[in-house]
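Chemist: A predicted structure for the sequence below; I have some questions about it.
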Amino acid sequence: MINASLPELRRALDTRQLSAVELASLFLDRIDAHNPGLNAFITVDRDGALAAARAADERIAAGTAGALTGIPLAHKDVFCTEGVLTTCGSKMLGNFVSPYDAHVVSLLKAAGAVCLGKANMDEFAMGSSNENSAFGAVKNPWNTARVPGGSSGGSAAAVAARLVPVATGTDTGGSVRQPAAFCGITGIKPSYGLVSRYGMIAYASSLDQAGAFGASAEDCALLLSAMTGFDERDSTSLERPTEDYAAALAAPAAAKPLEGLRIGLPREFFAEGMADDVRAAIETALDQYRALGATTVEVSLPNAKLAIPAYYVIAPAECSSNLSRFDGVRYGHRAADYGDLADMYSKSRAEGFGAEVKRRILVGTYVLSHGYYDAYYLQAQRLRRLIAQDFQAALQHCDVIAGPTTPTTAWALGEKSDDPVQMYLSDIYTIAVNLAGLPGLSHPAGFGADGLPVGLQLIGDYFAEARLLQAAHRFQQATDWHARRPAGTA
Amino acid sequence: MSRSDWEVVIGLEVHAQLNTASKIFSGASTAFGAEANRQASAVDIALPGVLPVLNRGAVERAIRFGLAIGAEVAEKSVFARKNYFYPDLPKGYQISQMDLPVVVGGEITIRVGEGEAAYEKTVRLTRAHLEEDAGKSLHEDFHGMTGIDLNRAGTPLLEIVSEPDMRSAAEAVAYARTLHALVRWIDICDGNMQEGSFRCDANVSVRKKGATEFGTRREIKNLNSFRFLQQAIDFEVQWQIDTLEDGGRIQQATVLFDPDTGETRMMRSKEDAHDYRYFPDPDLLPLMISPDWKARVQAAMPELPVAMKARFMDDWGLSAYDATTLTASKEVADFYQATVSAAGTALAAQLPKLCANWVMGDLAARLNKAELDITDSPVSPAQLAGLVARIADNTISNAIGKKVFEALWNGEGATADEVIDKQGLRQVTDSGAIEAMIDEVLAANQKSVDEFRAGKDKAFNALVGQVMKASKGKASPAQVNELLRKKLGS
């Protein structure tokens, strides 16, 4: 049951093969067994989960269950959850119990999903390895000496280790796709504006977008369908009809189910920088796509190399302002001893924030400063427009863009901790997608030399989520990379 | 050198609190005086994850203001974050507008001084922009600590910035008063200065007469009465002149006015000025105002004071002085117009003038004495109109009119007619009755008759007075005059 897909779990629940309470208990027990080794959860809400599962069982009995009723999940700890600790991976919010639910959380509650707990993450979603959590690093279930990726590392590790069937995450520069790749699962970041950001603790508002993790594209489709929809409380939320992504996956069986799909391969993504084992896995996966009927065409994203410098101006600028509210005045960490007001601020923030968060606040404060704003912030915004235009030009020649999600497989814990720039460069393939606001998906595409998973990224035009999920689903129907499970948590 | 060698240059920044029911970015109430922090929503206290949503009512008021002053209402304006730390600024930034404000340009004509010396002047406006207010820090009653009340946080403000067009404190006060009347006139601000709904900052500098460059300015913050505005500028101007004449230099600075000492004192110098690190707020889309929206606001716009004044002069023959006085505030204009429309012009063409005299004369004096606003007048426009009509049709004299007014004021009758009937004040027009009274008076005042015949005109007036007294004021003075002269054979 722990490896079952959401449709299989649905059937099991609907046919009373097991109850939602039993299902929740099964996964809660797995969390108890394996979380001490993985550290994927900051909070496990056993009581809340069992109460929600009981309510789900009532709905199932009453015949009013939806697709997710009784399905256990985890929320990245960036989402506010009423009455439950919401830390954002930071000491700053180590004592913060949210008085309200994020939009995503309330939608999934309403759908009857059962939240088992809050997943570990890089502090304030800043990081690519999940080593920046105030609650300790998360371990990669495939090899606990390796990082799970970040910033949604807890969500990805939990799904990969089957501590939970699906989980939510957020993706500002790759924080869903990169950990999905490192942990050998599927993750999708939808178009900017598709999922409400209300109640999602902001890192970089113009880039942040909630996403979904699952073992397969099908599971992601089911979860994402329940997360989207216009929310008037988020001014950047888009007013458009919701889609049933799972229904979009259904298609008659065909020998060449991807016939007609044109896949663009950006020249720049396949140039230097990609590790050989990743390249080999990606090439094999692309052969599989071609075998399924897709055609590939070379495209160019000439400004893609500027994505990292642009991102590391825009994201820190926004974060420096977004994190100003954490001042120890109204909630969160306040220093025990302080002199005057300035001392209270600086001590509370110095104690409450970790090194990477401080680094980005400093960078952001600098680039917005008088005399530097034009040279950094405005220039970065110009680059951002160029990058978005590149994608539009490339998408004239193809339906989706494909490439590696990451240049390498998961690195060792501590390996890049002292070199932030090396860490930043690991997001080279994912960051441009956020700058453009496009949807991106990562799915398992084999394994590297060290036996660690490799992820393939699919990028689509605005609101092409269904197309990305469809392509990945067809690939997964023909392959079994997504069905592989790490041995350690079997 | 003397004061007359210097020219004063003043520009004003006014914060007008917009009279929306809810805040500019949240649904919390803006009502004044609630228990501390009871009108602060999750958005107002800046909980993690919350987002602002723009109140269109605030935008509509800004449009109304822009149209009222003949300014450009920007098709596109942008909200920006002004970043600084303060305990009553929950987000650590204020949402305001910087590069692209909602209102650009415009002008306001002011009338300065009294009587013969009065003159008109046009003051140009630079811009007006929307922003949110901060909360309040309470330094008393907390035993060395500071209390924070966030009820005011997020209250919508329109910051109205003038060009440095004013050349005296009197002009500055006249501008502030005119602006104050205008924002109330177009119903975008309640103008309550005690509650802080209309606050002025004055930028003051002095320069030698004939100089083309402006002197260095100092900004006097937060003046919440016209009297303080006058006093603060007067003091500041004298201080700057004294400083310069003593060979000193003015340093750009922000100063506070102390109403107890009547002095301004430095709050911070330019060197201490914050770098607010403005940048466009990524949580809010650019504010787009369509021509259609503007047209709808224009259609709902009340007649403006300038147009109303012209109409009073053209249609009703009022003097410029009367028309200006009656359009100085919306309440007075409303009262006056209601009086005229109740009185009608059918009876006599001069009725509007007669109404004007009563509103500006007896009513204003009586209200002033009772310290009442015209909206709280015990005598209604309909009652006053009834009174004026009886004077116009000679039912009562002007003198009796005052008596009737006092009776109406004291609630001794519902209408002028009722008072006149009840108290028997109807003018005596029966010449026989008046002649009888004259005969009696002449018989009893032989001395006055003799004096009159001896050529003393004053004696005639005394006799008229006696007759009026005998009639209890009910005789028409003109008729008494005429009949008395006939009797005395002069």
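Modeler: Everything's here; your move.
Chemist: how far away is the residue in the stretch 351-490 of chain A positioned nearest to chain B from A:Glu318?
Modeler: Residue nearest to chain B within the stretch 351-490 of chain A: A:Leu368 (3.8 Å; C-beta to the nearest C-beta). From N, CA and C alone the C-beta is placed, and that goes for glycine too. As judged by C-beta to C-beta, to the nearest Å, A:Leu368 and A:Glu318 stand 9 Å apart.
Chemist: and stretch B:355-375, what's buried?
Modeler: Buried residues in stretch B:355-375, counted by 16 or more other C-beta atoms under 10 Å in any protein chain shown: B:355-360, B:362-363, B:366-367, B:374.
Chemist: could I get these as CSV with distance to chain A?
Modeler: Putting the buried residues of stretch B:355-375 into CSV (distance: C-beta to the nearest C-beta, whole Å) gives the following:
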residue, distance to chain A
B:Cys355, 50
B:Ala356, 50
B:Asn357, 55
B:Trp358, 52
B:Val359, 48
B:Met360, 50
B:Asp362, 54
B:Leu363, 49
B:Arg366, 51
B:Leu367, 46
B:Ile374, 42
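Chemist: hmm, back to that, of A:Leu368 and A:Glu318, which one has the most company?
Modeler: In this view A:Leu368 and A:Glu318 are compared by other C-beta atoms under 10 Å in any protein chain shown, and A:Glu318 has more residues nearby, 27 against 24.
Chemist: contacting residues around that one?
Modeler: A:202-207, A:364, B:282 (C-beta atoms under 8 Å, 6 or more residues apart in numbering or on different chains).
Chemist: those residues in helices, which ones?
Modeler: Among the contacts of A:Glu318, DSSP state H puts A:Gly364 in helices.
Chemist: out of the contacts of A:Glu318, which one sits closest to A:Glu415?
Modeler: A:Glu415 has its nearest neighbour among the contacts of A:Glu318 in A:Tyr203, at 23.5 Å by C-beta to C-beta.
Chemist: what's near enough to touch the closest one?
Modeler: A:78, A:124-126, A:170, A:172, A:315, A:318-319, A:322.
Chemist: close to chain A: what parts of the stretch 151-300 of chain B are there?
Modeler: Contacts of the stretch 151-300 of chain B with chain A, taken as C-beta under 8 Å from any C-beta of the partner chain, map to B:275, B:277-279, B:282-285.
Chemist: one more pass at 6 Å, please.
Modeler: Within the stretch 151-300 of chain B, the residues that sit near chain A (C-beta under 6 Å from any C-beta of the partner chain) are B:275, B:277, B:279, B:282-285.
Chemist: with secondary structure added, can I get those residues in JSON lines?
Modeler: Output for those, formatted as JSON lines (DSSP: H, G, I helix; E, B strand; the rest coil):
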{"residue": "B:Asp275", "secondary structure": "coil"}
{"residue": "B:Arg277", "secondary structure": "coil"}
{"residue": "B:Phe279", "secondary structure": "strand"}
{"residue": "B:Pro282", "secondary structure": "coil"}
{"residue": "B:Asp283", "secondary structure": "coil"}
{"residue": "B:Leu284", "secondary structure": "coil"}
{"residue": "B:Leu285", "secondary structure": "coil"}
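Chemist: emit the ChimeraX select command for whichever of these are buried.
Modeler: Per 16+ other C-beta under 10 Å, the buried members of these correspond to this ChimeraX selection:
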select /B:277,279,282,283,284
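Chemist: which residue would you name as the spatial centre of the chain?
Modeler: In the absence of a named chain, chain A is used. In chain A, the C-alpha nearest the mean C-alpha coordinate belongs to A:Val176, at 2.1 Å (C-alpha atoms, centre = their mean).
Chemist: that's the other chain; I wanted chain B
Modeler: Nearest to the mean C-alpha position of chain B, by C-alpha atoms, centre = their mean, lies B:Ala181 at 3.9 Å.
Chemist: how much space between that residue and B:Glu140?
Modeler: On the measure of C-beta to C-beta, B:Ala181 and B:Glu140 end up 34 Å apart.
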